[in-house]
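Visitor: structure of the sequence below:
(one chain, ligands or ions: 2)
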Amino acid sequence: MSEHRIIAVINQKGGVGKTTVSANLVHGLALKGFNVLAIDLDPQAQLTTSLGVDNSEVNGLDEVLLNQRAISDLFIPARENLYLVAAGYGLADIEHITEGGASRGMLLRNALTEEIEHYDYILIDCPPSSGLLVVNAIFASKEVLIPMTGDFLALQGLSHLMATLGNFEQALGNHIRQMIVLSKFQARRCLSQEVKNKLIQHFPGKLLQTEISESVALAESPSFGKTIFEYKPKSKSALEYKKLVDDVIDMRAY
Ligand SMILES: Nc1ncnc2c1ncn2[C@@H]1O[C@H](COP(=O)(O)OP(=O)(O)OP(=O)(O)O)[C@@H](O)[C@H]1O
Ligand SMILES: [Mg+2]
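Guide: Ligands and ions are numbered 1, 2, ... in the order given. Sure thing, here's the model as predicted:
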């Protein structure tokens, strides 16, 4: 594996499954033997918690973005083949930095430069906003993964997000590969199917083939600090996430 992929998990809408997707994807990739780095870019620190790490007991990304610490000082071994950079206590303060002009958006990209070659996958779990933290994630990434629910208003939000990404591509001068995943899917609802069809129609080549169904196990697992592969390894959800991991690896989209 020579490709080093950096993927920002983004959606400005809250509660769509960004953190759940991030936690289960990073673990799923690590279980396949890839070297994976998970970065918690959300001051809510829910990726950190979901992986069973107490954010109040560790140093995190705030040290890198605010105090210029080397990011490698903050790697926490989270699972075999998986390192985590926790959010840290002061991460929300980034949004209030007023000095530095455009370079404020490049802090994470610069921090990662030296690390990229050590990892097959770097995933960045973003907060539900479009502020400076998310700007840092997008500038640091070559790809974005957008978790979506199967409801109608989500589609509107997605068009807006795609337009924003277009502006970023112009500023960066290169393409940002886009992937969409239906992360809380209710297969029996007609509306969900309609939304899925619309995604395939309007965003060809972007919707990953495996949708993640809504399930109690997925909602419960973070409270134990476990991923679905640990909490309910034989469940339908674990199987779906396993397939989703392969979709991301092989870029299997509709
Ligand atoms: N497939 C699913 N089935 C059932 N519950 C789910 C599923 N995916 C996520 N959830 C639950 O939905 C809630 C929101 O998910 P999650 O925290 O991953 O979203 P988010 O986009 O990261 O939220 P935020 O915008 O606040 O960061 C959580 O309680 C999570 O456990
Ligand atoms: Mg989240």
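Visitor: show me which residues of the stretch 151-254 of the chain sit near ligand 1.
Guide: Applying the criterion Cβ under 6 Å from any ligand atom, the portion of the stretch 151-254 of the chain that neighbours ligand 1 consists of 183-184, 212, 214-215, 218-219, 222. Just so you know, the C-beta spots here come from the backbone N, C-alpha and C atoms, and that holds for glycine as well.
Visitor: what's the closest non-adjacent residue to His198?
Guide: Heads up, residue 198 is Lys, not His. Using Cβ to Cβ, 6 or more residues apart in numbering and skipping residues adjacent in sequence, the residue nearest Lys198 is Leu155, 6.1 Å away.
Visitor: repeat for Ser235
Guide: Ala217 (5.1 Å).
Visitor: can you classify the one you found as helix, strand or coil?
Guide: The three-state label for Ala217, taken from DSSP: H, G, I helix; E, B strand; the rest coil, comes out as helix.
Visitor: strands of the stretch 1-150 of the chain, start to end?
Guide: 5-9, 36-40, 76-79, 82-85, 121-125, 143-149 (DSSP state E, counting those that start in this stretch).
Visitor: now those strands in TSV, with distance to ligand 2 and mean neighbour count?
Guide: Output for the strands of the stretch 1-150 of the chain, formatted as TSV (distance: least, Cβ to the ion, whole Å; neighbours: other Cβ atoms under 10 Å):
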stretch	distance to ligand 2	mean neighbour count
strand 5-9	8	24
strand 36-40	9	28
strand 76-79	16	17
strand 82-85	14	25
strand 121-125	6	27
strand 143-149	9	24
